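# What follows is a predicted structure for the sequence shown.
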Protein chains: 2
Amino acid sequence: MAQANLPKGNVNVSKLNGTQASLLGFLHEGPRTGWELLEEISSGLGRFWNVTQSHAYRELKVLEEKGLVAAGQRGPRERCPFSLTEKGRKAFAQWIQEEPGPEQIRFPLLVSLWFGEHLSPRRLARFLNSQRQVRQERLAQYRKAQDSLRSSGEHPRRDAVLRFGILYEEAMLRWLEEIRDTAKHQPPTRRRIPRRR
Amino acid sequence: MAQANLPKGNVNVSKLNGTQASLLGFLHEGPRTGWELLEEISSGLGRFWNVTQSHAYRELKVLEEKGLVAAGQRGPRERCPFSLTEKGRKAFAQWIQEEPGPEQIRFPLLVSLWFGEHLSPRRLARFLNSQRQVRQERLAQYRKAQDSLRSSGEHPRRDAVLRFGILYEEAMLRWLEEIRDTAKHQPPTRRRIPRRR
DNA sequence: GGGCCATATTCCACAAGGGAAGATGGACGC
DNA sequence: GCGTCCATCTTCCCTTGTGGAATATGGCCC
């Protein structure tokens, strides 16, 4: 007994996790080193599908072991370009047919807000303000990216992803406005000194 | 050499990670078992600050070891209620003073969309449609929750968190509408059979 | 030709997720 | 009252993801 966690059936093509899949996706446009992949991801998709350095290099190693990518010969500075193999192409093609799962959000500000009664209104307001700033910056950045994307030939799907970023940030800003007012009209019910009954 | 990754200075109060902090936060309202905490989280904050079972129990154990929570005596079925200790209260109070970090989003749909050229328009449309449905359901759910929250005495901060959920889902739906049109007007540039030059 | 900085990769510890296994109280039938 | 079976809870283990420091070196500048 106790021999669970084994592959259920014969899997003809390697099962990918999302990170692996995204790496393979980018490799469709030609060989890339880990560094280049990281650049490419962080400049676009990265906001909604983060891939860290350590993770990328780790997964590339795994992908190579599985034969889904092939390491080219090392250039200067250990640079190692990987290219997609036929097997990798198949695995990706299969992966992308699957229904994408639900998104995950980890949003520390909401935790702070949820437990906001333990926080002075001033400080809470400060947190919200700094959020506002970050959002405005991002929004500006997205809009610029969108302009340059649209001018340099169409790429409707990447544009759509960007567009999501914009709508998201706009919603965030609207929300921040809204709750700024709420906070004003609604001073904390408890005194500053935490008094528990 | 090679002895990095050590605590830099003397930390008077245990440093918390977000999960630990949220658990402590909920324990302010009285002792709870792991199960109860999970229920409470999943019914509210959970959407934006996920805590899985395994993680919760693990962290509770850690918190107990650090003396931030105290295990009450076990009830039936190994149920173990934890209560906040003074030390735990302090650690939380300190944690919540810190500026909350940026949110993280992992959104598989956007990966699929980004690489949408490898996907038939029909299937992509199907993915987007099922998203739309999920969103509408959530939105309805949020709105109901909001009604009941508002009727049962004020709780402005939780309301604000909910409100974020609503704005978020609304933005998502608007986005889905937008790109549905885009997809229609913009059939894929490549043929169905993947032909690479 | 030597020092330094930006580029790349590797390593390690910790945080978080996912799901199966285990454990048992209590409901229900008889 | 006695077994059995389900829903509830907890534990365990593996994978995935994050963060940052260590290492290495090509190429620039003097």
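Sure thing, it's come through.
# three-state assignment of whichever residue of chain A sits closest to DNA strand D?
As assessed by CB to the nearest atom of the strand, DNA strand D sits closest to residue A:54 within chain A, at 2.7 Å. Using the backbone N, CA and C atoms, a C-beta is placed for each residue, glycine as well. Here residue A:54 is recorded as helix under DSSP: H, G, I helix; E, B strand; the rest coil.
# Residue A:38 versus that one, what's the distance?
Distance, residue A:54 to residue A:38, using CB to CB, to the nearest Å: 10 Å.
# same deal with residue A:117?
In terms of CB to CB, residue A:117 sits 41 Å off from residue A:38.
# what about those two, which has more around it?
Neighbour tally, residue A:117 and residue A:38, criterion other CB atoms under 10 Å in any protein chain shown: the higher count belongs to residue A:38, 20 against 16.
# do the helix or strand harbouring that one and chain B meet at all?
Assigned by DSSP states H and E, residue A:38 falls within helix A:34-42. No - using CB under 8 Å from any CB of the partner chain, we find that helix A:34-42 stays clear of chain B, coming within 9.9 Å at best.
# ok, what's across the strand from the most centrally placed residue in chain A?
For chain A, the residue nearest the mean C-alpha position is residue A:49 (2.4 Å; CA atoms, centre = their mean). Beta-bridge pairing for residue A:49 (DSSP bridges): residue B:106.
# thinking it is in contact with residue A:23, fair?
No - contact criterion CB atoms under 8 Å: residue A:49 and residue A:23 do not qualify, at 10.8 Å.
# ok, so what distance separates the closest residue to residue A:149 other than its chain neighbours from residue B:154?
Sequence neighbours aside, residue A:159 is the residue nearest to residue A:149 in space, at 5.8 Å (criterion: CB to CB, 6 or more residues apart in numbering or on different chains). As judged by CB to CB, residue A:159 and residue B:154 stand 42 Å apart.
# So these two - more neighbours on which side?
residue A:159 (17 against 11).
# Does anything pack onto whichever strand or helix holds residue A:26? Which helices or strands?
Assigned by DSSP H and E, residue A:26 belongs to helix A:18-27. Applying 3 or more CB pairs under 8 Å, 6 or more residues apart in numbering or on different chains; DSSP states H and E, one finds that helix A:18-27 contacts helix A:34-42, helix A:53-65, strand A:69-71, strand A:81-84, helix A:86-97, helix B:108-114.
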